[in-house]
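Student: no letters, just coordinates:
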C-alpha cells in the first residue's frame, strides 16, 4: 500500500518510473500495471545474476535464507530476464515502453541507460554499494515531488540504511525522509523537495 501511495503521488508530475533490483518481477508487474495507461517508460535494472558481493558496510541483520553469513548471499536471488519481461507483459504493459538494463549497477552508466527524468524509483538492491550508486544515479534526474523508495531499509543488511544516511548527508535539505514502522516493513521513501 505504501508503494502504491508513493507511486501515485510521484506520478502526479512528469518523469519515468524505475525499479532497481527486480528479482523475479512481481513488484515490476505491480508497478507496470499502475502506469500502464500513462505514457511513462518503465526502466528495470538487475544483474540477473543475483546479489553482488557485500562490502564491509554490509552487516547481516536478518538471515532470511539462514545461510549464516552475508557473504554467502552473493549471487543468490538470481532470476532470468525473460521471466521478468513476461510478468510485465502479463499485465498488458507495452514492450515498447519497457527498458531493461542488465548487469550490476555501475556509476558510469551511459546516458541511454538512464531516463531523462524520474518521477518514482524503487530501489531493491539489498546492499550498501548498489543502493548508494542507484540513489546517486537517480538524484540528478529527480524533480520536486519525485520519490525514491528504498527497500530493505533497516532489514537484511546494515548497508542499506548506511547508504541512505550517506546520500541524505551528501544532499542536505533536498529530500524528506519517510520511515515506516518496522512492524509494517523494512523500507523508506525519500521525497525530493
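Tutor: In hand now; what should we look at? Quantities reported herein were computed from a predicted structural model and do not represent experimental measurements.
Student: how about the strands in the chain?
Tutor: With DSSP state E as the criterion, the chain has strands at 16-20, 42-46, 98-102, 118-123, 147-151, 175-179, 187-192.
Student: just these: most buried one?
Tutor: Greatest average neighbour count among the strands of the chain goes to strand 118-123 (a mean of 27), per mean count of other CB atoms under 10 Å. From N, CA and C alone the C-beta is placed, and that goes for glycine too.
Student: contacts for that strand next, please.
Tutor: 3, 6-7, 10-11, 13-21, 27, 31, 40, 131, 134-135, 138, 141-143, 145-151 (CB atoms under 8 Å, 6 or more residues apart in numbering).
Student: so how far is the lengthiest helix in the chain from its chain's centroid?
Tutor: Criterion DSSP state H: the longest helix present in the chain is helix 158-170. Distance of helix 158-170 from the chain centroid (CA atoms, centre = their mean, to the nearest Å) equals 14 Å.
Student: between it and strand 187-192, how many degrees?
Tutor: 20 degrees (axes from the mean of the first three to the mean of the last three CA atoms, to 10 degrees).
Student: and of the strands of the chain, who's closest to residue 64?
Tutor: strand 147-151 (12.6 Å; CB to CB).
Student: who does the closest one touch, helix- and strand-wise?
Tutor: helix 2-10, strand 118-123, helix 128-138, helix 158-170, strand 187-192 (3 or more CB pairs under 8 Å, 6 or more residues apart in numbering; DSSP states H and E).
Student: show residues contacting the longest one.
Tutor: When contacts are taken as CB under 8 Å, 6+ apart, the neighbours of helix 158-170 outside the stretch itself are 54-55, 57-59, 61, 126-129, 131-132, 135-136, 139, 150-154, 175, 177, 188, 190.
Student: give me the buried subset of these.
Tutor: Among those, those classed as buried by 16 or more other CB atoms under 10 Å are 54, 57-58, 61, 126-129, 131-132, 135, 139, 150-154, 175, 188, 190.
Student: state the distance from the most centrally placed residue in the chain to residue 137.
Tutor: Central residue check for the chain by CA atoms, centre = their mean: the C-alpha nearest the mean position is that of residue 123, 1.4 Å away. Look at residue 123 and residue 137: by CB to CB, to the nearest Å, they are 10 Å apart.
Student: same question, residue 69
Tutor: From residue 69 to residue 137 the distance is 29 Å (CB to CB).
Student: no more questions from me, cheers.
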